[in-house]
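Novice: Below are the sequence and a predicted model; questions follow.
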Amino acid sequence: MPVGKVVVVDTSSSPYAKLKPVPITQVELRDSFWAPRISSLLTDTLPHIYAQLNEKGYLDNFRRLVGKVQTNFKGYPFADEHVYKWLEATAWLLSYRPSKELLERVKEVIELIEAVQEPDGYINTRFYGKPKERYKKLDWSHELYVGGHLIQAAIACRRTNVCERLFNVALKYGKHLIENFGPGRIEIPDGHPEVEMALVELYRETRNKRYIELAEFLIDLRGRGKFNYLPYFVDNKPFKQLDEAPPGAHAVRFLYLVTGATDIYLEKGDRELWDALERLWLDIVRRKMYITGGVGARYAGESIGEAYELPNESAYAETCAAVANVMWNYRMLLATAEAKYADIMELTLYNGALSGISLDGRNFFYTNPLADRGKHRRQPWLHCPCCPPNIARLLASLPGYFYSTSNDGIWIHLYASNNASIYLNNNKVVVSQETMYPWDGYVKIKVKPEKEDVFAIYLRIPGWADQAEILVNGRPLELLPKPSSYVRVEREWRWDDSIELKIGMNIKLVASHPKVIANTGKVAIMRGPLVYCLEQIDNPGIDVWGIGISSESKLEAVYEPNLLKGVVSIVGEGFELTNNEQLYNALNKYVVKARKVLFKAIPYYAWANRDPGPMTVWIPLIDVFKKVRIER
């Protein structure tokens, strides 16, 4: 396999990409945080999802069409997507974690897919053998959306050399799309964007310009009244004229759409397109994104709300939207090499996305609220099971998100103990990290070039960092690293040179923008990239919704290796608001009764893995009251 091809987003030849990806297969995670989750994919998550695909009839949707079973179609019209996302996740994982059993299942599923592709290249088990029903209800049928996931699974199988036969299916399907969609043909996009990014990746694989032209055409159809100008479908304005993420837009559809648009920019360099992407990114990050990186405030339509509309208990924040947010920010990072995109990628990865899967790898959240009374629990499967294979494909491809290269150097985006073999200007450079990140901010990096050479190492200083120090071979750099930036360290690198990055991990109380009414007078606890929450099981005898905190509260980070598979918890002084029921009156009187208590907070991603009970991220800050009566 050529160097650089086992990648999710192949910008190796993209003229408007500032960064090129490092292959998944060239980064070996060996830390105590991510590596066990990768292992769990192999032993738990992917076998579990495959079993559910069998049990719930999604694989039988294929088998029935070749006479292997007699049954009706099962699931939503887009049921095939779950199979394709499982295939993609499994392919990425098998590229660096071999499994004979999983490989056999992949080949079995691909044989079924090959068997149900129709002669003209169309493939969809819901509409198989029904040419008159094709593309009649693109607002809800998800036909191109499903096809996009087929293409991405096929590309993953090709790039990993797991089973290239599926790529032939994708090529036939791609030819079918070109013949049926475009000017003078079908001029309606899919109601659920996704195929756009798949078409760009198919272009990258084949260099057939008709694929990227079709992707552009589909994006330009938005805002033309194809779906009655409804914001839900991002049809309210032409894409390049959008000045905000439309309130009411389905969160995942919107995020997949901007991700595909970013892929197009990376190839075409359309400045008008980029200006729209920057506007939309600022709108999401500053006004419509949860502190966890989750997107989607409303249950109604699984949609984005108005600016600062971010309720906690009813937060939708779908796991798929968090996965898409990681994907989008990764592409924005490749386009710009700007740390602010890596910051959001990391934030979402550790919080809003990771919360979507349980610690045992076999239970899942669809929605990710930031407050709960103990009723919201992960499930082994979901009524609409798009999220389980989606978080699986993100985690399976995770090693590929850690590093990038540019013409002059190596960029380090994420921190975890790992060994990476990176090719830079015909020189093989082994980069290794030793760290307890995200629990500790000390990272020791070894640089081992095959040939001594002058190049740069770019170190990301996270946006949350209050202070950071960099030493090269034990000598401090004479600069003050700025948060949310990359520090360029250029020198002639020799075998076993070292870099030490020391990032202060202070416990922070973070306030919302004052227009977020749900969080008025409240703060959240953060340490490093992690958002924390209070969960009832750690605070017995106290309703965690009634715990307050002071800006002067003493807080301590404590590593607990036996808690939740090893976490740093935060313990500290808080206040039980004893007249909570009369809080409205208390606010009018500016008097709150409280008694001192000790509380414990855990990382948000780890909640709901034990006994049910109330949980909250946002905590009342008692400083806002003019008078607090402390009871003894």
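Specialist: Cool, got the structure.
Novice: Tell me the gap between the strand or helix carrying Lys85 and the middle of its chain.
Specialist: Using DSSP states H and E, Lys85 falls within helix 80-94. Helix 80-94 sits 16 Å away from the centroid of its parent chain (CA atoms, centre = their mean, to the nearest Å).
Novice: Return the residues in contact with the residue nearest to Asp440 when sequence neighbours are not counted.
Specialist: Leaving aside its chain neighbours, Asp440 sits nearest to Met505 (6.7 Å; criterion: CB to CB, 6 or more residues apart in numbering). Using the backbone N, CA and C atoms, a C-beta is placed for each residue, glycine as well. Contact analysis of Met505 by CB atoms under 8 Å, 6 or more residues apart in numbering lists Asp440, Gly441, Arg527, Gly528, Ala557.
Novice: State whether Met505 is indeed within a strand.
Specialist: No: residue state for Met505 (DSSP: H, G, I helix; E, B strand; the rest coil) corresponds to coil; a strand is not indicated.
Novice: what's the following helix or strand past the helix holding Lys85 in contact with?
Specialist: Next helix or strand after helix 80-94 toward the C-terminus (DSSP H and E): helix 100-116. Residues outside helix 100-116 that contact it (CB under 8 Å, 6+ apart): 42, 46-47, 50, 59, 62-63, 65-66, 83, 86-87, 90-91, 93-94, 123, 125, 128, 150, 157, 162-163, 165-166, 169.
Novice: Now which of those would you call buried?
Specialist: Burial by neighbour count, 16 or more other CB atoms under 10 Å: within those this picks out 42, 46-47, 50, 59, 62-63, 65, 83, 86-87, 90-91, 93-94, 123, 125, 128, 150, 157, 162-163, 166, 169.
Novice: rewinding a little: helices or strands up against the helix holding Lys85?
Specialist: Here helix 80-94 is seen to pack against helix 46-55, helix 60-63, helix 100-116, helix 143-159, helix 387-396 when contacts are counted using 3 or more CB pairs under 8 Å, 6 or more residues apart in numbering; DSSP states H and E.
Novice: could you dump these to a markdown table with distance to Glu490?
Specialist: Shown next, in a markdown table, are those (distance: least, CB to CB, whole Å):
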| stretch | distance to Glu490 |
| --- | --- |
| helix 46-55 | 41 |
| helix 60-63 | 54 |
| helix 100-116 | 43 |
| helix 143-159 | 32 |
| helix 387-396 | 33 |
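Novice: Using CSV, lay out those together with mean pLDDT and distance to Asn609.
Specialist: Formatted as CSV, these follow (pLDDT from 0 to 100; distance: least, CB to CB, whole Å):
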stretch, mean pLDDT, distance to Asn609
helix 46-55, 98, 16
helix 60-63, 98, 32
helix 100-116, 97, 25
helix 143-159, 98, 29
helix 387-396, 98, 15
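Novice: which stretch among those helices comes nearest Cys533?
Specialist: Proximity to Cys533 (CB to CB) singles out helix 387-396 among the helices and strands packed on helix 80-94, at 19.1 Å.
Novice: elements contacting that closest one?
Specialist: So helix 387-396, by 3+ CB pairs under 8 Å, 6+ apart, packs with helix 34-40, helix 46-55, helix 80-94, helix 319-336.
Novice: Recalculate using a threshold of 10 Å.
Specialist: helix 34-40, helix 46-55, helix 80-94, helix 143-159, helix 319-336 (3 or more CB pairs under 10 Å, 6 or more residues apart in numbering; DSSP states H and E).
Novice: The third one vs helix 46-55, what angle?
Specialist: It refers to helix 80-94. 160 degrees (axes from the mean of the first three to the mean of the last three CA atoms, to 10 degrees).
Novice: For helix 80-94, output the C-alpha coordinates as PDB.
Specialist: Only the C-alpha atoms of helix 80-94 are listed here, as PDB (Å, rounded to 0.1, in the frame of the first residue of the first chain):
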ATOM      1  CA  ASP A  80     -28.400  -0.200   4.500                       C
ATOM      2  CA  GLU A  81     -26.300   2.700   5.900                       C
ATOM      3  CA  HIS A  82     -25.800   0.900   9.200                       C
ATOM      4  CA  VAL A  83     -24.200  -2.000   7.300                       C
ATOM      5  CA  TYR A  84     -22.000   0.300   5.300                       C
ATOM      6  CA  LYS A  85     -20.800   2.200   8.300                       C
ATOM      7  CA  TRP A  86     -20.000  -1.000  10.100                       C
ATOM      8  CA  LEU A  87     -18.000  -2.100   7.000                       C
ATOM      9  CA  GLU A  88     -16.100   1.200   7.000                       C
ATOM     10  CA  ALA A  89     -15.200   1.100  10.700                       C
ATOM     11  CA  THR A  90     -14.100  -2.600  10.400                       C
ATOM     12  CA  ALA A  91     -11.900  -1.900   7.400                       C
ATOM     13  CA  TRP A  92     -10.100   1.000   9.200                       C
ATOM     14  CA  LEU A  93      -9.500  -1.200  12.200                       C
ATOM     15  CA  LEU A  94      -8.400  -4.200  10.300                       C
END
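Novice: Tell me the strands beside the top strand by length along the chain, with direction?
Specialist: Longest strand in the chain, counting residues (DSSP state E): strand 591-603. The strands beside strand 591-603 in its sheet (DSSP bridges) come out as strand 530-535 (antiparallel), strand 567-577 (antiparallel), strand 627-631 (parallel).
Novice: Closest to Trp607 out of the contacts of Met505?
Specialist: Arg527 (15.6 Å).
Novice: Just grab the bridge partners of the closest one for me.
Specialist: Ile507, Leu530.
Novice: For it, give its distance to Met332.
Specialist: 26 Å (CB to CB, to the nearest Å).
Novice: First residue to last residue on stretch 346-361, what's the distance there?
Specialist: 20 Å (CA to CA, to the nearest Å).
Novice: For the residue most central in space within the chain, give me its contacts.
Specialist: For the chain, the residue nearest the mean C-alpha position is Val323 (2.8 Å; CA atoms, centre = their mean). Contacts here follow CB atoms under 10 Å, 6 or more residues apart in numbering; on that basis Val323 touches 252, 255-256, 348-349, 352-353, 356, 386-387, 390-395.
Novice: one more time with 8 Å, if that's ok
Specialist: Ala353, Gly356, Cys387, Asn390, Ile391, Arg393, Leu394.
Novice: Neighbours of the second one, how many?
Specialist: Right, Gly356. 27 (other CB atoms under 10 Å).
Novice: Can you pull the phi/psi pair for it?
Specialist: phi -70, psi -10 (degrees, to the nearest 10).
Novice: Against Glu194, how distant is it?
Specialist: 18 Å.
Novice: So, low pLDDT: which residues of this protein?
Specialist: Applying pLDDT under 70 to the chain picks out residues 1-4, 579-592, 625-632.
Novice: Which segments of it make up each domain?
Specialist: Structural domains annotated on the chain: 228-320+329-356, 405-503, 507-631, as defined by automatic domain parsing.
Novice: can you redo the ones you listed as CSV with distance to Pro399?
Specialist: Below are the domains of the chain laid out as CSV (distance: least, CB to CB, whole Å):
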stretch, distance to Pro399
domain 228-320+329-356, 13
domain 405-503, 7
domain 507-631, 18
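Novice: Need the winner for burial among the ones you listed.
Specialist: Among the domains of the chain, the stretch with the highest mean neighbour count (mean count of other CB atoms under 10 Å) is domain 228-320+329-356, at a mean of 22.
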